[in-house]
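>>> The amino acid sequence is not available; the structure is as follows:
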């Protein structure tokens, strides 16, 4: 944040914000002709056939294979996909890789019934990877690839420990589906059910662009209603608890713009016994369509994993690298948060009985602070704004709000957003800011707005699920159990 021109804005809101997906320009592919095999069925231990799309170099030979799996249908036109989840398949093939994409059981042309990240789905990865290793076009080495669901599947591949799996590189994935997808902060996430499952999974399978139509019968709504707590259903689908079983190298790539799984990724890297490296990017675009990321990071990791002579020593990289939001400069750390991080306390101060007026956010409790704010049916949000910062403030690490609240109801929920408020009148030049900030400021100027709001981070918590594993709130990153409801009651 630039000094003097910015303020911190703390905003309490009841509810949950939605996720957005931004269309991207695909990476231009070049290289040899590609041999394709669409929707090839491979039989599993129970006789269920899993449909694979296989893309490989036309030149005869055996190559290492990139493997990805998700509940999405494949096309019948033999066109290698290029999207934010798989990347540009043709480009990877041009680099000397086979690329195999599976439709999970019960989706696409695969047989069986879909059950979200089930044990059967996890075991399928083991058998598919070993089947790939035995094919004449394979050199026996398989590597995990893909973003989002494809990334989450990679963690489960690695936990199964198939002998032929050499390494995984999950991008923008999650390791805790309950916490990061279905019930963030214990709150039901309508985006997960409606936008992802109903529209992305079921609708795409029912109305594919080109390929077999499939009705996915799995009742996700019923599962969410049946499992609102972090019970055995969700523990089976979490990779965090079994991360110690992973014995292959891992490269984790994430972006501050895709906040869903970063917390889980930071936690799981601490549980890994194998070589692991993590990079957190500041850029908003999809990493799997970023040519620099593909060439300098992902491809470099795969070549190092395959022990190619010309490959850079990926293990020599710092365990954790991250970019400050809006900056291209990389910073390194052995741990998270970084050892040099200093925790600063800000206090909520209110001087007016008018709850519609913003209150102050300051580093000390003000003498005239009322110490109490009310909001409810008529007022569903409160805001606290700091004075312009005296110097640049770099936020890198967990942020915790210690909140004391009373309610007339037995349960409620809180959503807390930290934003940067930019005073456009005090800017000398909008070109001093990185591109994605400059675009926001330009839009604000066109709307004749005197300020522009940039979200820094957000967190949610259901009041009845506030119980943590610790007896003290002094821990900056308190681990909530989400196992049982602790409803509000009269004092």
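Perfect, thanks for sending it. It should be emphasised that the depicted structure is a prediction, and the values quoted were computed from it without experimental measurement.

>>> quick one: the strands in the stretch 301-450 of the chain?
Secondary structure of the stretch 301-450 of the chain by DSSP state E, counting those that start in this stretch: the strands cover 320-323, 330-333, 347-349, 359-362, 381-385, 413-423.

>>> Format the ones you listed as TSV; extra columns: mean neighbour count, mean pLDDT and distance to residue 210.
From N, CA and C alone the C-beta is placed, and that goes for glycine too. TSV is the format used below for the strands of the stretch 301-450 of the chain (neighbours: other Cβ atoms under 10 Å; pLDDT from 0 to 100; distance: least, Cβ to Cβ, whole Å):
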stretch	mean neighbour count	mean pLDDT	distance to residue 210
strand 320-323	19	92	38
strand 330-333	15	91	41
strand 347-349	18	91	55
strand 359-362	19	90	53
strand 381-385	18	89	46
strand 413-423	19	86	41
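
>>> any chance of the ones you listed in a markdown table, plus distance to residue 66?
A markdown table is the format used below for these (distance: least, Cβ to Cβ, whole Å):
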| stretch | distance to residue 66 |
| --- | --- |
| strand 320-323 | 23 |
| strand 330-333 | 26 |
| strand 347-349 | 50 |
| strand 359-362 | 47 |
| strand 381-385 | 46 |
| strand 413-423 | 38 |
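
>>> Between these, which one is closest to residue 222.
Among these, the nearest to residue 222 by Cβ to Cβ is strand 413-423 (22.5 Å).

>>> Could you list every helix and strand in contact with that closest one?
strand 6-13, strand 451-462 (3 or more Cβ pairs under 8 Å, 6 or more residues apart in numbering; DSSP states H and E).

>>> Which of the ones you listed has the lowest mean pLDDT?
Note on these: lowest mean pLDDT is at strand 6-13, with a mean of 46.

>>> After it, heading C-terminal, what element do we hit next?
Sequence-wise, the next helix or strand downstream of strand 6-13 (DSSP states H and E) is strand 34-43.

>>> So which elements touch that following strand?
Judged by 3+ Cβ pairs under 8 Å, 6+ apart, strand 34-43 is in contact with strand 49-57, helix 119-133.

>>> all strands for the stretch 101-250 of the chain, in order.
138-144, 165-167, 250-255.

>>> and the last one, what does it pack onto?
Spelled out, that is strand 250-255. Contact analysis of strand 250-255 by 3+ Cβ pairs under 8 Å, 6+ apart lists helix 262-268, strand 276-281 as its packing neighbours.

>>> Looking at those, which is nearest to residue 381?
Set against residue 381 and scored by Cβ to Cβ, the helices and strands packed on strand 250-255 come closest in helix 262-268, at 24.1 Å.

>>> Quick one: residues in contact with the closest one.
If you take Cβ atoms under 8 Å, 6 or more residues apart in numbering as the criterion, helix 262-268 is touched by 155, 170, 173-176, 179-180, 239-240, 243, 252, 254, 256, 278, 280, 336.

>>> Quickly compare the strands of the stretch 101-250 of the chain and say which is most buried.
Of all the strands of the stretch 101-250 of the chain, strand 250-255 carries the top mean neighbour count, a mean of 25, counting by mean count of other Cβ atoms under 10 Å.

>>> Quick one: closest of the strands of the stretch 101-250 of the chain to residue 384.
Among the strands of the stretch 101-250 of the chain, strand 250-255 sits nearest to residue 384 (Cβ to Cβ), with 28.0 Å.

>>> okay, the angle between that closest one and strand 276-281?
Calculated by axes from the mean of the first three to the mean of the last three Cα atoms, to 10 degrees, strand 250-255 forms an angle of 10 degrees with strand 276-281.

>>> pLDDT of strand 250-255, averaged?
What strand 250-255 shows for mean pLDDT is 95.

>>> Contacts for it next, please.
158, 167-172, 261-262, 265, 268-269, 272, 274-284, 287, 293, 297-298, 301, 314.

>>> how far off strand 138-144 does it point, in degrees?
Counting by the same axes, to 10 degrees, strand 250-255 lies at 40 degrees to strand 138-144.

>>> Look up how far residue 66 lies from residue 95.
Separation of residue 95 from residue 66 (Cβ to Cβ, to the nearest Å): 10 Å.

>>> Neighbour count for the two, which is higher?
residue 66 (26 against 18; other Cβ atoms under 10 Å).

>>> In contact with the more buried one, which residues?
Counting by Cβ under 8 Å, 6+ apart, residue 66 makes contact with 92, 97-100, 142-145, 302.

>>> cutoff 10 Å now
Applying Cβ atoms under 10 Å, 6 or more residues apart in numbering to residue 66 gives the contacts 55, 86-87, 89, 92-93, 95, 97-101, 132, 142-146, 169, 298, 302.

>>> End to end on stretch 55-65, go ahead and measure it.
End-to-end distance for stretch 55-65: 9 Å, by Cα to Cα, to the nearest Å.

>>> give me phi/psi at the spatially most central residue of the chain?
Geometric centre of the chain, nearest residue: residue 261, 3.3 Å, by Cα atoms, centre = their mean. With angles defined as degrees, to the nearest 10, residue 261 sits at phi -110, psi 0.

>>> picking that back up, could I get the strands of the stretch 101-250 of the chain in a markdown table, plus columns for distance to residue 463?
Putting the strands of the stretch 101-250 of the chain into a markdown table (distance: least, Cβ to Cβ, whole Å) gives the following:
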| stretch | distance to residue 463 |
| --- | --- |
| strand 138-144 | 39 |
| strand 165-167 | 42 |
| strand 250-255 | 29 |
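
>>> Which among the ones you listed is found nearest to residue 351?
Proximity to residue 351 (Cβ to Cβ) singles out strand 250-255 among the strands of the stretch 101-250 of the chain, at 38.9 Å.

>>> how far is the closest one from where the chain is centred?
Here the centre of strand 250-255 is set off from its chain's centre by 10 Å, with Cα atoms, centre = their mean, to the nearest Å.

>>> Likewise for stretch 104-124?
From the chain centre to the centre of stretch 104-124 is a distance of 22 Å (Cα atoms, centre = their mean).

>>> Quick one: mean pLDDT for it?
Mean pLDDT, stretch 104-124: 97.

>>> Please apply the same query to stretch 184-204.
Stretch 184-204 comes out at a mean pLDDT of 95.

>>> how about the helices and strands packed on strand 34-43 in CSV, adding mean neighbour count and distance to residue 207?
Output for the helices and strands packed on strand 34-43, formatted as CSV (neighbours: other Cβ atoms under 10 Å; distance: least, Cβ to Cβ, whole Å):
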stretch, mean neighbour count, distance to residue 207
strand 49-57, 23, 18
helix 119-133, 20, 23
